[in-house]
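> quick check, what structure comes out for this input:
(one chain, ligands or ions: 1)
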Amino acid sequence: MYTLPKLSYGYDALEPYIDKATMEIHHTKHHQAYIDKLNTALEKYPDLINKPLSDLLRELTSLPIDEADKIAIRNNGGGHANHSLFWEIMSPTKSVDEKLTKEIIETFGSVDEFKEKFTQSAVTRFGSGWAWLVRNDTGKLEIYSTANQDSPYLQGHTPIIGLDVWEHAYYLKYQNRRPEYISNWWQVLKLL
Ligand SMILES: [Fe+2]
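Model prediction:
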């Protein structure tokens with residue numbers, strides 16, 4: 001059974017960029033709900049519980065299971081994987097990944113150009129979804145966004161940086177101001 005991962009910082013630790021109430025609801029209600037629904041979807045398939053979630057998502061389309069269960073795993077397994085990464089890459093203190101920074105500069109020209117492209121992807125995602133920096137199947141870094149809770153693992157990519165642009169991630173503090181949330185979010189991304 002999947003369980004809610006603990007945060008390595010308090011709900012108020014990312015203030016003033018992400019407020020305490022949003023963090024607490026996001027973690028204990030939204031993320032927990034994805035986990036509960038994922039566990040329910042997997043009840044029929046005890047073998048799949050032992051598979052790493054990334055592999056489950058990578059192999060999802062070829063699994064011999066009901067289509068409705070595939071959709072539930074895609075949405076809720078994606079939700080669990082995406083949020084787990086999201087909590088992990090944020091921190092009140094920076095812990096810059098030098099190797100990643102170098103690769104970002106090589107790929108996108110500079111960290112600022114990377115941020116600009118990623119921001120564009122996050123701002124223009126219509127409705128609910130995520131902006132991503134992934135390692136694609138050829139090993140290259142790539143920026144794109146996905147709808148809903150679709151994980152990059154579904155297309156064989158490995159997520160490195162993911163930004164939640166669902167309204168539940170920012171509405172209490174930012175209301176409709178998604179660009180302001182995104183611009184402030186760089187302050188709590190620990191990797192860059
Ligand atoms: Fe979320």
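
> ok, the residue in the chain that the ion sits nearest to to residue 122 distance?
Relative to the ion, the nearest point of the chain is residue 164 (4.2 Å; Cβ to the ion). Just so you know, the C-beta spots here come from the backbone N, C-alpha and C atoms, and that holds for glycine as well. Counting by Cβ to Cβ, to the nearest Å, the gap from residue 164 to residue 122 is 9 Å.

> now do the contacts for the residue nearest the centre of the chain.
Residue closest to the mean C-alpha point of the chain, counted by Cα atoms, centre = their mean, is residue 82 at 3.2 Å. Contacts of residue 82 were listed using Cβ atoms under 8 Å, 6 or more residues apart in numbering, and they are 130, 149, 151, 159, 162, 164.

> over to residue 23?
Each residue near residue 23 by Cβ under 8 Å, 6+ apart is listed here: 7, 11, 12, 14.

> one step back: how far does whichever strand or helix holds the residue nearest to the centre of the chain sit from its chain's centre?
In the assignment (DSSP states H and E), residue 82 maps to helix 67-89. Relative to its chain's centre, helix 67-89 lies at 9 Å (Cα atoms, centre = their mean, to the nearest Å).

> what mean pLDDT does that helix get?
Here helix 67-89 scores 98 as its mean pLDDT.

> for it, list every residue counted as buried.
Across helix 67-89, burial judged by 16 or more other Cβ atoms under 10 Å covers 69, 72-87, 89.

> out of the contacts of residue 23, name the ones that lie in helices.
Assignment to helices by DSSP state H places none of the contacts of residue 23 there.

> number of nearby residues for the closest residue to residue 48 other than its chain neighbours?
For residue 48, ignoring the flanking residues on the chain, the nearest one in space by Cβ to Cβ, 6 or more residues apart in numbering is residue 42 at 5.5 Å. If you count neighbours by other Cβ atoms under 10 Å, residue 42 ends up with 22.
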